[in-house]
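# Here's my sequence, what's the structure:
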Amino acid sequence: MDIFILCMVVFLALSFDFINGFHDTANAIATSVSTRALKPRVAILMAAVMNFLGAVTFTGVAKTIGSGVADPSQLAHGEIIVIAALIGAIAWNLITWWFGIPSSSSHALIGSLAGAVIASAGFNAVNGSGILKILEALLISPLIAFTAGFILMWILKKVLARANPHQINKGFRYGQVVTAMFQSFSHGTNDAQKAMGIIVFALVAAGVQDNMDVPLWVKLSAALAMALGTSVGGWKIIKTMGTKIFKIEPVNGFAADMGSAAVIITATMLHLPVSTTHVITSSILGVGSAKRFSAVKWGVAGRIVIAWVITIPITVVMSALVYWLISAIFL
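Now for the predicted structure:
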């Protein structure tokens, strides 16, 4: 039975990573697709490769996720907690994907894991300092990304004020190929590790291993799942990110990608999980504000922000309900 449950955990975690691939990676290539710097299929395949490379390069974020929310070695039924958390996070990801809302897979996973832990062992089982550190990174990173996008676009506006617009767009389309690769790589370094961390959480809870080190098979399988998910593409979210916030030109896409990718890779180096969705969207908003404040469709931006705000409380409740349902039937 324990082996079956662990296999279920791994299956759900890799399913989460697969969904994350087409849900969140759409953000990484939205600007380059919308400006036609890259053809959609080429962009998706490139993103899949770069996501895989990013995912197998780092493990620090996985350790933060695996131990930051709660101590898995101190929890009874830890594998059931993880199953409930993954079901809640996957359900919310699919709901928001269906409606084309770029919500955060990171928020969904953190909220779901916290909700399942609370349902199983109460509020005292949650690692307050660890989850505060995670939430701080999730909340502060979009502000930094907005600022980075704004400053980069402001500098480019000043430097290129007298340049020929046609030549600018032509040159920055080539630049977007590079920044889209950097963006996809940085996404893999942070997002794929969240599934790795949740699998390790379950392995420690089940007594299979006694530390938070990420086994090679976990690293490779999570990276592959995200790469495969990326190859499917997330067209609804690409449309929202690339066209509905403001009309993006190549120079804007270059600035947005560079700003957000720099923030994500920095967070990875610091072992901090951030929402790539929040970071990329905030960078686009910053670029749009620097271009012309009125150019940003703030109504669309407002609906995206609402999705950000409600994700954690909704997933806390969803995963708690799933845990209680599973425990009522099987425990």
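
# list the buried ones in whatever helix or strand residue 155 lives in?
Take DSSP states H and E as the rule and residue 155 turns out to sit in helix 128-159. When burial is assessed from 16 or more other CB atoms under 10 Å, helix 128-159 yields the following buried residues: 130-131, 133-134, 137-138, 141-142, 144-146, 148-150, 152-154, 156. The C-beta positions use only the backbone N, C-alpha and C, and glycine is treated the same way.

# Stretch 27-40 too?
Judged by neighbour count (16+ other CB under 10 Å), stretch 27-40 contains these buried residues: 27, 28, 29, 30, 31, 32, 33, 34, 35, 37, 38.

# how far does that stretch sit from the chain's center?
On the basis of CA atoms, centre = their mean, to the nearest Å, stretch 27-40 sits 18 Å off its chain's mean C-alpha point.

# could you give me the average pLDDT of it?
Per-region confidence: stretch 27-40 scores 78 on mean pLDDT.

# Also stretch 81-93?
The model assigns stretch 81-93 a mean pLDDT of 93.

# So what touches it?
Stretch 81-93 is contacted by residues 5, 8-9, 12-13, 15-16, 19-20, 23, 75, 103, 105, 108-109, 111-113, 115-117, 119-120, 198, 201-202, 205, 311, 314-315, 318-320, 322-323, 326 when judged by CB atoms under 8 Å, 6 or more residues apart in numbering.

# which secondary structure elements does the longest helix that the chain contains contact?
Among all segments of the chain classified by DSSP state H, the helix with the greatest residue count is helix 165-205. Based on contacts counted as 3 or more CB pairs under 8 Å, 6 or more residues apart in numbering; DSSP states H and E, the elements that helix 165-205 packs against are helix 2-34, helix 40-55, helix 60-68, helix 78-98, helix 105-121, helix 216-232, helix 250-269, helix 276-291.

# In contact with the closest residue to residue 2 other than its chain neighbours, which residues are there?
For residue 2, the nearest residue in space outside its immediate sequence neighbours is residue 206; the separation is 6.3 Å by CB to CB, 6 or more residues apart in numbering. When contacts are counted by CB under 8 Å, 6+ apart, residue 206 touches 2, 5, 6, 78, 79.

# Now residue 206: phi and psi?
phi -80, psi 0 (degrees, to the nearest 10).

# Below-threshold pLDDT in this structure: ranges please.
Flagging of the chain using pLDDT under 70 yields the residue ranges 1, 23-26, 102, 233-246, 295, 300, 304.

# and the gap between residue 144 and residue 136?
With distances defined as CB to CB, to the nearest Å, the gap from residue 144 to residue 136 amounts to 12 Å.

# what does residue 318 give?
With distances defined as CB to CB, the gap from residue 318 to residue 136 amounts to 24 Å.

# May I see the buried residues of stretch 207-216?
When burial is assessed from 16+ other CB under 10 Å, stretch 207-216 yields the following buried residues: 212, 214.

# Identify the residues contacting that stretch?
For stretch 207-216, the external contacting residues (CB under 8 Å, 6+ apart) are 6, 59, 62-63, 66-67, 73, 193, 196-197, 200, 203-204.

# Redo the residues you listed as CSV? Include neighbour count.
Supplementary listing: the contacts of stretch 207-216 in CSV, determined by neighbours: other CB atoms under 10 Å:
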residue, neighbour count
6, 18
59, 21
62, 29
63, 18
66, 29
67, 19
73, 14
193, 32
196, 27
197, 29
200, 27
203, 26
204, 22
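
# Any chance of TSV for those residues, columns distance to residue 99?
Shown next, in TSV, are the contacts of stretch 207-216 (distance: CB to CB, whole Å):
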residue	distance to residue 99
6	33
59	33
62	30
63	33
66	31
67	33
73	39
193	27
196	28
197	27
200	32
203	34
204	36
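
# show me what contacts the spatially closest residue to residue 135 that is not a sequence neighbour?
Excluding the flanking residues, the one nearest residue 135 by CB to CB, 6+ apart is residue 110, at 7.6 Å. The contact partners of residue 110, taken as CB under 8 Å, 6+ apart, are 65, 69, 131, 134, 135, 138, 273, 312.

# In this structure the fourth one contacts residue 69, no?
So that's residue 134. Yes. In this structure residue 134 lies within contact range of residue 69 using CB atoms under 8 Å: 7.3 Å.

# Could you check how far the closest residue in space to residue 8 that isn't next to it in sequence is from residue 133?
Ranked by CB to CB, 6+ apart and with sequence neighbours excluded, the top spatial neighbour of residue 8 is residue 83, at 6.0 Å. As for residue 83, its distance to residue 133 is 25 Å (criterion: CB to CB).
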